[in-house]
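Novice: predicted model follows, preceded by the sequence.
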Amino acid sequence: MISKFLLFLRHSFALIREDKLFSAIYIAGTAVAIASAMVIAIVINMLLADIPPEVNRSRTLYVYNRFFPTEKADAPYREGLSSVALDSCYRRLQCVEAATGTIPAYQNNYAIEGEEQQRLVPYEAHRVSAIATDYDFFRIYDLDFIDGRPFSKKESDEGERVCVITDKVAARTGSSTGGTVRVNDKPFRVVGVVKAVSAFLEDATADIYLPYMVEGMDLYPNNRNPLRHGDNYVDVTYDGNLNARIMLREGFTLKDFDTELEPLRQQYSAVISSQLGEKMEWEVDARTHFFHTIDFFRPDGADDQGLALAAMNLMPPAILMLLFLFLPAINLSGLVSNRMEARCAEMGIRKAFGAKRRTLLNEVVSENLVLTLLGGIVGWVLSALFVAAISDNQIFLQIFVSRDQNVVDTGMQFQMFFTPTLFLIVFVCCLLLNLMAALIPSLHSLRKPIVESLNQKR
């Protein structure tokens, strides 16, 4: 079996050397087609795959919260979650492994400097983006700690002035674990230094990470809303400024989360209604990472578990990929047709000596598959180089970064370009392109009678 495979490879490469111009044009055409399709595949991979530090995307839920009075149709609603709701509801669920609240980096733009550092460069050079979060953030997002540790539950709950900074911020400020940085002129103790996260991983990227319970940083994780009730004001904490991120335990789904949360949601709504003296509703909209990221056709209230809806959302990029493959396949098909005309006499002789049409067809398709795979490898490399080259382009960044951030790293990781899924996509693209380009002209040529093939000019 191995000897036959090696013989086939030797024969295929002999044909490539025999007609170098055809082989070069075929590989180049394949490379351009695969590169075009792979740019889309790489973008989708960057959006959806489990890429460090967002290694738990496949079991992360993005929870949107809304509070509104049910008896006032035109009353304004309040969005966001408080740490009270996070602790009393989400963290009590059996299906939840970790639940974190975050105030995203685009909302927190601070000035930072080392404890003893003088501002030797313009002020704007010290601007950083900060994610305000809690201890569970570091369980959901696997940040690469170069030194130190994440802040603890105690430090997070009590709002201690501690922080985790990136290696680039550490180098810029001359700070390290155990030292102090001044954030908006307030001292923060550095408990850990992490490798900077690429801006393309929007939920985990920041220059500095600090507890949202720390005071004096305009974070407001728990909005206290004094509301008029009769002659008195009722001070109630129910909504907040937090975005909820939930990591499910292995084996649990969004449906399990919704089912287990429902009684707690009703109970929490009843407590709020009792405290405010009017009926309040807490609406929870939890989405999987797929529908958090890609929601071209997601109607309000749609079930995130629906495969038909997921397929519909992936249809536009899939159609675009097929177009990138189909149009070059037409040109490649013409090349294969011309080559088959040149090999008609060879095919006629082999048929005269008893070779079956099916055997010859398999051989021709296999030979073209070798060329297509070579073109696919070149195309994959070209697509990776192209995406890396435009990674600093603002239009490209807007695909991944929904709002302006002051992050210092727009680099790209190897996992963005290579995963088992991407390898499978490349192979399938090569297979489709090969079949479209080689099958039709090969069938047409091999259907000719033996006499006609033998009389064909070389």
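Specialist: Done, it's in.

Novice: gap between residue 427 and residue 35?
Specialist: According to CB to CB, to the nearest Å, residue 427 and residue 35 sit 15 Å apart. Every residue, glycine included, has its C-beta placed from N, CA and C.

Novice: between the two, which is the more surrounded one?
Specialist: Neighbours per residue (other CB atoms under 10 Å) separate residue 427 from residue 35, with residue 35 holding more: 22 against 12.

Novice: residue contacts, that one?
Specialist: Counting by CB atoms under 8 Å, 6 or more residues apart in numbering, residue 35 touches 378-380, 382-383, 386.

Novice: buried residues in the helix or strand containing it?
Specialist: Secondary structure from DSSP states H and E places residue 35 in helix 20-48. With burial defined by 16 or more other CB atoms under 10 Å, the residues of helix 20-48 counted as buried are 22-23, 26-27, 29-48.

Novice: neighbouring strands for whichever helix or strand comes after that helix, and are they parallel or not?
Specialist: Next helix or strand after helix 20-48 toward the C-terminus (DSSP H and E): strand 60-69. Strand 60-69 has the following strand partners under DSSP bridges: strand 78-79 (antiparallel), strand 243-248 (antiparallel), strand 280-288 (antiparallel).

Novice: export the helix or strand following the longest one as CSV, just CAs?
Specialist: Put plainly, it is strand 280-288. The helix or strand immediately downstream of strand 280-288 is helix 289-293, counting by DSSP H and E. Extracted C-alpha coordinates of helix 289-293, given in CSV (Å, rounded to 0.1, in the frame of the first residue of the first chain):
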residue,chain,number,x,y,z
HIS,A,289,-20.5,32.9,22.2
PHE,A,290,-21.6,32.2,18.7
PHE,A,291,-24.7,34.4,18.9
HIS,A,292,-22.9,37.0,20.9
THR,A,293,-20.5,37.4,18.0
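
Novice: just checking, what packs against helix 289-293?
Specialist: helix 20-48, strand 60-69, helix 307-342 (3 or more CB pairs under 8 Å, 6 or more residues apart in numbering; DSSP states H and E).

Novice: out of those, flag the one nearest residue 431.
Specialist: In terms of CB to CB, the element of the helices and strands packed on helix 289-293 nearest to residue 431 is helix 307-342, at 10.3 Å.

Novice: what's the mean pLDDT across that closest one?
Specialist: For helix 307-342, the mean per-residue pLDDT is 67.

Novice: where does the prediction get shaky in the stretch 151-300 of the chain?
Specialist: Across the stretch 151-300 of the chain, the ranges flagged by pLDDT under 70 are 224-238, 295-300.

Novice: now the strands for it?
Specialist: 162-166, 180-183, 186-194, 208-211, 222-229, 232-240, 243-248, 280-288 (DSSP state E, counting those that start in this stretch).

Novice: reformat these as TSV; add mean neighbour count.
Specialist: Formatted as TSV, the strands of the stretch 151-300 of the chain follow (neighbours: other CB atoms under 10 Å):
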stretch	mean neighbour count
strand 162-166	25
strand 180-183	20
strand 186-194	20
strand 208-211	26
strand 222-229	14
strand 232-240	17
strand 243-248	22
strand 280-288	18
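
Novice: nearest to residue 84, out of these?
Specialist: Using CB to CB, the nearest of the strands of the stretch 151-300 of the chain to residue 84 is strand 232-240, at 5.5 Å.

Novice: measure residue 198 to residue 424 for me?
Specialist: Distance from residue 198 to residue 424, by CB to CB: 24 Å.

Novice: more neighbours: the two, which one.
Specialist: More neighbours surround residue 198 than the other of residue 198 and residue 424, with 21 against 11 (other CB under 10 Å).

Novice: what about the more buried one, distance to residue 59?
Specialist: For residue 198, the distance to residue 59 - CB to CB - is 21 Å.

Novice: burial count for the residue lying closest to residue 58 once chain neighbours are set aside?
Specialist: Leaving aside its chain neighbours, residue 58 sits nearest to residue 50 (5.6 Å; criterion: CB to CB, 6 or more residues apart in numbering). By other CB under 10 Å, 15 other residues sit near residue 50.

Novice: residue 50 reaches residue 59, doesn't it?
Specialist: No. Using CB atoms under 8 Å as the test, residue 50 is too far from residue 59 to be in contact (9.2 Å).

Novice: who are the contact partners of the residue nearest to residue 58?
Specialist: Here residue 50 is in contact with 56-58 (criterion: CB under 8 Å, 6+ apart).

Novice: of those residues, closest to residue 186?
Specialist: residue 56 (31.9 Å).

Novice: run through the bridge partners of the nearest residue to that closest one once chain neighbours are set aside.
Specialist: When the adjacent residues along the chain are set aside, residue 56 lies closest to residue 247, with 5.2 Å between them (CB to CB, 6+ apart). Beta bridges link residue 247 to residue 60, residue 98, judged by DSSP bridges.

Novice: next one: residue 247 relative to residue 79, how far apart?
Specialist: Distance of residue 247 to residue 79, computed by CB to CB: 22 Å.

Novice: with only the CA atoms kept, save stretch 264-284 in PDB.
Specialist: This file holds the C-alpha atoms of stretch 264-284, laid out as PDB (Å, rounded to 0.1, in the frame of the first residue of the first chain):
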ATOM      1  CA  LEU A 264     -34.200  32.700  41.200                       C
ATOM      2  CA  ARG A 265     -35.100  35.300  38.600                       C
ATOM      3  CA  GLN A 266     -38.700  35.300  39.700                       C
ATOM      4  CA  GLN A 267     -37.700  35.500  43.400                       C
ATOM      5  CA  TYR A 268     -35.300  38.300  42.800                       C
ATOM      6  CA  SER A 269     -37.900  40.200  40.800                       C
ATOM      7  CA  ALA A 270     -40.400  39.800  43.700                       C
ATOM      8  CA  VAL A 271     -37.900  41.200  46.200                       C
ATOM      9  CA  ILE A 272     -37.200  44.200  44.000                       C
ATOM     10  CA  SER A 273     -41.000  44.800  43.500                       C
ATOM     11  CA  SER A 274     -41.600  44.500  47.300                       C
ATOM     12  CA  GLN A 275     -38.800  47.000  48.100                       C
ATOM     13  CA  LEU A 276     -39.900  49.500  45.400                       C
ATOM     14  CA  GLY A 277     -43.600  49.200  46.000                       C
ATOM     15  CA  GLU A 278     -44.300  48.600  42.300                       C
ATOM     16  CA  LYS A 279     -44.100  45.500  40.100                       C
ATOM     17  CA  MET A 280     -40.700  45.200  38.500                       C
ATOM     18  CA  GLU A 281     -39.500  42.600  36.000                       C
ATOM     19  CA  TRP A 282     -36.000  41.400  35.600                       C
ATOM     20  CA  GLU A 283     -35.400  40.200  32.000                       C
ATOM     21  CA  VAL A 284     -32.400  38.000  31.300                       C
END
